[in-house]
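A.B. asks: Just to be clear, the model below is a prediction. Sequence and coordinates:
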Amino acid sequence: MGGGQRFAVKKEGAAQVALVGAPNSGKSTLLKWLTNANPEIAGYPFTTREPIPGMMPYQDVQIQLVEVPAIVRGSYYGKGLGPQSLGVARNADAIALVVDLSSDPIEQVKTLLEELELAGVKLNEQRGDETLDESVVFRRAIIIGTKADADGVGRRFSDLKIAYGGRFPMLPVSPLKGGDAAQLKEMIFKSLGIIRAYTKRPDEKAAERPLVLHAGSTVMDVAKAVHKDFSQNLKFARVWGSTKFPGQQVPKDYVLSDGDVVELHI
């Protein structure tokens, strides 16, 4: 990628999601709708000149969304602020491809994927033995279609689903129309591949703040996150949530689900 200034956005909250899109795709409006950020919103291209972070509340956790300066064809080779923007996307935990449903969303996605691929970012793909190159990163991704209230959007969104629906979860939204953003927030959270686990002591209530872990984490992972002594001396655990009955005793390698309450016994 080209040289020049490098953008660095400190990660905060449970995880970081990069909002990546073409000029005027609605990234700023989306960020303002979902977070506490107040980006400049204008009708001309490249309004955003540097990454803008904001914190999105999702139930009892905060997820950091970062609006990335626009990506266009040729960004990888230095056009616009592309190299720096692609660097932010590489560093994020997940990526949301933001496309304008009023203007050929399939072509927008194609361009974004091509530029990300050049930057060594593969979306919703599994790492195999042939892709051990450290310059390549694998990220989970979704597609957010903005301006869903525009004319002809139904047909364009249907075409987009046919083209990319098998690879990406996607949702059409109309931030300027207001409404409930709960469905979009849930999709963003699920795209991260994380779960929340709540610890508790015997005969006490569960902690209000969860531990945030990778999906597939086990009881032992919770014990390690609490304290190394717990992991070394753990005998078993009781789990409320994903088990067949509340407070069921489970082994150390029991795989947890989002929202599980875990009582560790040493």
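C.D. replies: All right, it came through fine.
A.B. asks: Going by C-alpha atoms from here, please, whenever you check contacts or count neighbours.
C.D. replies: Noted.
A.B. asks: What segments of the stretch 151-266 of the chain are helices?
C.D. replies: 153-164, 182-191, 219-226, 228-233 (DSSP state H, counting those that start in this stretch).
A.B. asks: deepest of those, which one?
C.D. replies: helix 219-226 (a mean of 19; mean count of other CA atoms under 10 Å).
A.B. asks: thinking again about what came up before, wait, which of the helices of the stretch 151-266 of the chain is closest to A18?
C.D. replies: Relative to A18, the nearest member of the helices of the stretch 151-266 of the chain by CA to CA is helix 182-191, separated by 10.6 Å.
A.B. asks: Over to the nearest residue to A89 once chain neighbours are set aside. Which of the three states is it?
C.D. replies: In space, not counting the residues next to it along the chain, A89 is nearest to A18; the distance is 5.6 Å by CA to CA, 6 or more residues apart in numbering. Remark: A18 carries the secondary structure label strand [criterion: DSSP: H, G, I helix; E, B strand; the rest coil].
A.B. asks: A18 against E67, yeah?
C.D. replies: Yes: at 6.1 Å, A18 counts as touching E67 under the criterion of CA atoms under 8 Å.
A.B. asks: okay, those two: which has more neighbours?
C.D. replies: Regarding A18 and E67, a neighbour count based on other CA atoms under 10 Å identifies E67 as having more, with 30 against 27.
A.B. asks: ok, back up a step: output the helices of the stretch 151-266 of the chain as CSV; include the columns distance to S25.
C.D. replies: Putting these into CSV (distance: least, CA to CA, whole Å) gives the following:
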stretch, distance to S25
helix 153-164, 14
helix 182-191, 17
helix 219-226, 40
helix 228-233, 46
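A.B. asks: for the helix or strand containing V66, packing partners?
C.D. replies: Element membership for V66 (DSSP states H and E) is strand 61-67. Here strand 61-67 touches strand 16-21, helix 27-34, strand 52-58, going by 3 or more CA pairs under 8 Å, 6 or more residues apart in numbering; DSSP states H and E.
A.B. asks: Point out the most buried one among the ones you listed.
C.D. replies: Taking mean count of other CA under 10 Å as the contact definition, the stretch among the helices and strands packed on strand 61-67 with the greatest mean neighbour count is strand 16-21, which reaches a mean of 27.
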